[in-house]
Every structure is written in C-alpha cells, then in structure tokens.
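> structure for the following, please:
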Amino acid sequence: MLDEAGAGGYQREYRFDEERRWRFDFAWPEKLVALEVEGGVWIGGRHNRATGFQADVEKYNAAAARGWRVFRCVPPHYVAEVVNLISRIIKGKNGRVDN
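Take a look at the predicted model:
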C-alpha cells in the first residue's frame, strides 16, 4: 500500500535506538517519519496489555523527543487513511516536510 500511494523509499524494521534496540515497522529516516502497525489489538495482543502499552509509550515518547513523527494504524481499520497521510508528508504536500 505504501508503494502504491507513492510513499516508497521506506526502511522496514528501522532501528532508531541502538542502546534500547527500538525499531519502527516502517521508517523514512531522512524525513524523521515512521509508521507503526499495531497488531493483535483485537485478540488481546502485546500492544494493549499493560506492560506492552507502557513499553510503547516509552518508545514513542523517546522517538518524539528526537524529532520523529510516529504514525500508528490498527489493521484493518484506518490503514488506508494513515498511508495516504504519510504519502502526502513524504511528498511534501502538507506544507510541513519538503526536504
């Protein structure tokens, strides 16, 4: 979907912190934009249990403190909207990222 929307050039499993070994599912490091696909939310997966949720909060706050914009989606809902938003950002069509 990312490629079809014109948001190619991403890196999968991009490690943005070597010490903590934190990774993003998809990242555009030159733009400081990342996409996290939150799986398992409908079956009580890691992202919506207390310890997993706390770990995600710590990771996302650390990323934000470094200037990253982290977008999240929960399949199958809202994925297309997030992909289109990221595509606009990568292409510099929202007035915020154009380098």
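
> work out for me the element the most centrally placed residue in the chain sits within.
Ranked by distance to the mean C-alpha position of the chain (Cα atoms, centre = their mean), the top residue is Leu35 at 1.7 Å. Assigned by DSSP states H and E, Leu35 belongs to strand 33-37.

> and the helix or strand following that strand, which residues are buried?
Counting by DSSP H and E, the element after strand 33-37 in chain order, helix or strand, is helix 50-65. By neighbour count with 16 or more other Cβ atoms under 10 Å, helix 50-65 contains the buried residues 56, 59-60, 63. Heads up, the C-betas are built off the backbone N, CA and C, glycines and all.

> sort out which one of those lies nearest Tyr10 for me.
When the buried residues of helix 50-65 are compared for distance to Tyr10 (Cβ to Cβ), Ala63 comes out closest, at 15.4 Å.

> that closest one against Val70, yeah?
Yes. With contact defined as Cβ atoms under 8 Å, Ala63 and Val70 form a contacting pair (5.3 Å).

> now for the two: what residues contact both?
Here Ala63 and Val70 share the contacting residues 24, 34, scored by Cβ atoms under 8 Å, 6 or more residues apart in numbering.

> give the buried residues for stretch 69-82.
Using 16+ other Cβ under 10 Å as the test for burial, stretch 69-82 gives 69-71, 73-74, 82.

> low-confidence ranges in this protein?
40-49, 94-99 (pLDDT under 70).

> before we move on, the earlier item: right, and the residue nearest to the centre of the chain touches Asp25 too?
Yes. Because the distance of 5.9 Å satisfies Cβ under 8 Å, Leu35 is recorded as touching Asp25.

> related to what we said a few turns ago, report the two of the buried residues of stretch 69-82 separated the most.
Maximum distance among the buried residues of stretch 69-82 (Cβ to Cβ): 17.8 Å, for Arg69 and Val74.

> on that earlier part again, now the buried residues of helix 50-65 as TSV including distance to Gly39?
Putting the buried residues of helix 50-65 into TSV (distance: Cβ to Cβ, whole Å) gives the following:
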residue	distance to Gly39
Asp56	12
Lys59	15
Tyr60	16
Ala63	18
